[in-house]
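> sequence unknown, structure follows:
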């Protein structure tokens, strides 16, 4: 059996149910759930229907002495599963891809499943911080944000479970924290962190350094000017131009020791036309990379790509933003399965088409499903 096989990494999971309720084995339930989501199901009802329509095929791999679990059973099991242990099984599977993720470009970003908010029962919407290896289309891990916390506490937990040596990690302004920068540097990773006013003097000093460079340029001076990289793109009715400028860390930056390994600062100006209206924004970054505008600009552009490569797909293809699973851990565990399934589909090179078409073909063609899960 392949090292990437589903059964290889998930059979050690602890079953949280009491003995008298175990009409279906935990492995059977999880196997059906994953196959169903690969084949197009997005919720517990879909998992039950998939199982009933594919029971003959499923029995090639699992015994199913009591038939297919009901959607309520799927819900109760996903509610009871301990998320960290479930995520550890996922991490075991990801480690099988170490040859392609070593030194990866890792985007760390958060996403909210809004329909999971339950005001009547004081249950907050699920917010998950994911590590996305954008070059490979692989989710490396996830951590759910506690109800009374935010991404600042979730990001360090996520970094603990990632292989970071040689990686380039990008994080939005919420993660621009000196402790996070220190962790990344200590673990052998480069970083690009977005800058806002959440760190005393940092944004002020970075903005001032670029303002001084602008004055030098206007005065006709050539020394000390930033390197520049410009590119553009068009699609979905939108045209966008990007200008990235990079400088070495200025001597005027206060408290540079707070940012271990810091080598450059960066300014990115985006100008875009959307529905005939021209808009623009300017953002600033700090990085351990040298002040080479092209490399920095491409990496920052790649971070913004997490919206299309991960978040948009989770909402449009997997209906995550409309998922109403709310009980305890059910929503967090479902979110993990979605990301695991998306990663499996991204790695596949045998089924033609986009993610939605791959799911359909996995549901229709059982050989496709077997290949995706490395069952032989």
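Sure thing, it's come through. Just so you know, these numbers come straight off a predicted model, no measurement behind them.
> Who are the packing partners of the helix or strand encompassing residue 129?
Following DSSP states H and E, one finds residue 129 within strand 126-133. Packing partners of strand 126-133 (3 or more C-beta pairs under 8 Å, 6 or more residues apart in numbering; DSSP states H and E): strand 105-113, strand 138-144, helix 151-160, helix 330-347. (Glycine included, C-beta is placed from N, CA and C.)
> which stretch among the ones you listed comes nearest residue 299?
Closest to residue 299 of the helices and strands packed on strand 126-133, according to C-beta to C-beta: strand 105-113, at 6.6 Å.
> one step back: okay if I get the helices and strands packed on strand 126-133 as CSV plus mean pLDDT, mean neighbour count and distance to residue 33?
Formatted as CSV, the helices and strands packed on strand 126-133 follow (pLDDT from 0 to 100; neighbours: other C-beta atoms under 10 Å; distance: least, C-beta to C-beta, whole Å):
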stretch, mean pLDDT, mean neighbour count, distance to residue 33
strand 105-113, 90, 23, 17
strand 138-144, 91, 24, 17
helix 151-160, 92, 18, 24
helix 330-347, 93, 23, 6
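> Which of those sits closest to residue 357?
Among the helices and strands packed on strand 126-133, helix 330-347 sits nearest to residue 357 (C-beta to C-beta), with 9.9 Å.
> Am I right that residue 16 is in a helix?
No. Residue 16 is assigned coil when assessed by DSSP: H, G, I helix; E, B strand; the rest coil, not a helix.
> what's the burial count for it?
Residue 16: 14 surrounding residues under other C-beta atoms under 10 Å.
> just checking, it touches residue 83?
No. Under the criterion of C-beta atoms under 8 Å, residue 16 is not in contact with residue 83, lying 11.2 Å apart.
> strand partners of the strand holding residue 129, parallel vs antiparallel please.
Strand 126-133 has the following strand partners under DSSP bridges: strand 105-113 (antiparallel), strand 138-144 (antiparallel).
> closest to residue 265 out of the ones you listed?
It's strand 105-113; of the strands paired with strand 126-133, that one is closest to residue 265 (C-beta to C-beta) at 19.9 Å.
> Okay, angle between that closest one and helix 330-347 too, please.
140 degrees (axes from the mean of the first three to the mean of the last three C-alpha atoms, to 10 degrees).
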